[in-house]
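Visitor: Got a sequence here, can you model it:
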Amino acid sequence: MSSRTAGLPDVRRRLRTGRGAGRTAAGGEHRLVHRLCAARRGLHRRRDGRGDRRGRVPEYQATYDAIPKIGTTQEIDFESLVAQEPDLVLGTVVPGLPADLNDRLSGIAPTLLFPAAGEPGTWQERAVRAADVVGRRDLAEALRAAYETRAADIGTRYADVLARTRWALVRGGAQGNALVDLPNSWSGVVLGAVGAQFGGVAAGKPGASTPLSYEQLGLLDDCDVVLHLVDTTGKLDQNTAQVLEQPTFRALPAARNGQVHPLPNYYVAHYRQAGAVLTEIETVLGKL
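Guide: Predicted coordinates:
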C-alpha cells in the first residue's frame, strides 16, 4: 500500500452520490486510481501552495514520472488500469470519453466519476467529495477554508482596482477559433471569488465557454485584462498561440496596454491549483 492510499478508511464505504453511486469499496489495503484530465497540471504545485511565479516545482517531476500511467486524458489503457489492482477509481468525465466508461470501470473496481463538462467550476464540490470518499474530508475542508479566506482578503485589498477593471479568460479552439471561458469555468470561479468582473462576452452566462471567431475578437475590447491558457511550464498550445497572433487580438486594449498574461493551472481541478491561480491574479492586480 502506497503512502498516497494509506489514509483510505479501513471500512466498507458506500459511494452515495455521483456516477457509480451505490457501489461499495471494501476495507483493508486500498489502491486508488485517479483518472483526471488535469492531474498532470496539478502535480507541480507544492503542498504549501508555493512555487515559482508560474506554479512550477521541478522536483515534483520525478514523482510524476514514477506514477504508473493508465492512458491519456481521453483514452484509457484498461490493461494498465487492471494491472494496478485498484480498490477504487475516481475520475472526471470530459468530452470525448466512451459512453460506457462508467460501466467498464465499474467492472474493475468501485467507481465514482464526476461530470464536469457543462460547468467545470463545480471542481470545488468535486474536490471535497473526492476527499470524502477516501476519508480526507477534513483536509479538503481546511483547504477550502484557506482558499476562501485568501480570496476574500485579495478582494478586499484590491476592491478599488477590481471595481474599475474587466477580465477575460481566453484559449484557442480546435476549430480555428477562440474560446472565452465563462464565470463558472475552471478559473472563472476563482476570478469570481475575488470579485473580478467579466467583460460583456462572458458576464452572466452559464456553462463553460463561448466561441468567438478570430474576426469577433474585437468583442473583448471592454476587457482591461486578458488571462490566457498555458501549461505549468509556461508553454502555449498551438491553438492558443494562433489566437494571440491574430491582428484582431493584438488590437485589443488589453494587448496594447501590456495586460495579456499567461495563466498556468488554467484548468483548475482542486484547491491547491486554485491557490496558484489566486497568486497569478494577485500579481496582476498589484500592477494595475
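
Visitor: only C-alpha atoms for contact and neighbour calcs from this point on.
Guide: Fine.

Visitor: need the helices for the stretch 101-250 of the chain, in chain order.
Guide: All helices of the stretch 101-250 of the chain, identified by DSSP state H, counting those that start in this stretch, fall at 101-106, 123-133, 137-157, 159-163, 188-194, 238-245, 247-250.

Visitor: List the buried residues for the fifth one?
Guide: Same thing as helix 188-194. 188, 189, 190, 191, 193, 194 (16 or more other Cα atoms under 10 Å).

Visitor: ok, the fifth one - contacts?
Guide: Put plainly, it is residue 193. 148, 151, 152, 155 (Cα atoms under 8 Å, 6 or more residues apart in numbering).

Visitor: now the first one, nearest residue through space, not along the chain?
Guide: So the one you mean is residue 148. Computed as Cα to Cα, 6 or more residues apart in numbering, the closest residue to residue 148 that is not its neighbour in sequence is residue 193, at 7.4 Å.

Visitor: Model confidence for the residue nearest to residue 131 when sequence neighbours are not counted, exactly?
Guide: Excluding the flanking residues, the one nearest residue 131 by Cα to Cα, 6+ apart is residue 137, at 4.9 Å. pLDDT for residue 137: 94.

Visitor: again, but for residue 40
Guide: pLDDT, residue 40: 37.

Visitor: How about residue 76?
Guide: 84.

Visitor: same thing with residue 12?
Guide: For residue 12, pLDDT reads 35.

Visitor: Residue 180 too?
Guide: pLDDT, residue 180: 98.

Visitor: circling back: kindly reformat the buried residues of helix 188-194 as TSV and extend each row with pLDDT and distance to residue 251.
Guide: Below are the buried residues of helix 188-194 laid out as TSV (pLDDT from 0 to 100; distance: Cα to Cα, whole Å):
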residue	pLDDT	distance to residue 251
188	98	24
189	97	27
190	98	27
191	98	24
193	98	29
194	98	28
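
Visitor: Let me have these in a markdown table, extended by distance to residue 118.
Guide: A markdown table is the format used below for the buried residues of helix 188-194 (distance: Cα to Cα, whole Å):
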| residue | distance to residue 118 |
| --- | --- |
| 188 | 13 |
| 189 | 14 |
| 190 | 17 |
| 191 | 18 |
| 193 | 20 |
| 194 | 23 |
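
Visitor: Of those, which is the nearest to residue 244?
Guide: residue 188 (19.7 Å; Cα to Cα).

Visitor: give me every residue that touches that closest one.
Guide: By Cα under 8 Å, 6+ apart, the contact set of residue 188 is 121, 169, 181, 182.

Visitor: Report the buried members of those.
Guide: 121, 169, 181, 182.

Visitor: export those to JSON lines and tack on distance to residue 212?
Guide: Listed next are those as JSON lines, based on distance: Cα to Cα, whole Å:
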{"residue": "121", "distance to residue 212": "21"}
{"residue": "169", "distance to residue 212": "12"}
{"residue": "181", "distance to residue 212": "11"}
{"residue": "182", "distance to residue 212": "13"}
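
Visitor: got a list of what residue 174 touches?
Guide: Applying Cα under 8 Å, 6+ apart, the residues contacting residue 174 are residue 239.

Visitor: where in this protein is pLDDT low?
Guide: The model of the chain has pLDDT under 70 over residues 1-61, 73, 117.

Visitor: Strands of that one, start to end?
Guide: 13-14, 24-25, 32-35, 88-93, 111-115, 166-173, 177-181, 197-198, 209-212, 225-229, 260-263 (DSSP state E).

Visitor: Now render those as a markdown table, adding distance to residue 236.
Guide: Converted to a markdown table, those look like this (distance: least, Cα to Cα, whole Å):
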| stretch | distance to residue 236 |
| --- | --- |
| strand 13-14 | 42 |
| strand 24-25 | 40 |
| strand 32-35 | 24 |
| strand 88-93 | 24 |
| strand 111-115 | 27 |
| strand 166-173 | 10 |
| strand 177-181 | 14 |
| strand 197-198 | 23 |
| strand 209-212 | 19 |
| strand 225-229 | 7 |
| strand 260-263 | 9 |
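
Visitor: For residue 218, which of those is the nearest?
Guide: strand 209-212 (9.6 Å).

Visitor: Most neighbours of all the contacts of residue 193, which one?
Guide: residue 151 (23 neighbours; other Cα atoms under 10 Å).

Visitor: from memory that residue sits against residue 196, does it?
Guide: No - the criterion here is Cα atoms under 8 Å, and residue 151 misses it with residue 196 at 10.6 Å.

Visitor: circling back to that earlier point, state the pair within the buried ones among the contacts of residue 188 that is farthest apart.
Guide: The span of those, defined through Cα to Cα, is set by 121 and 169 at 13.3 Å.
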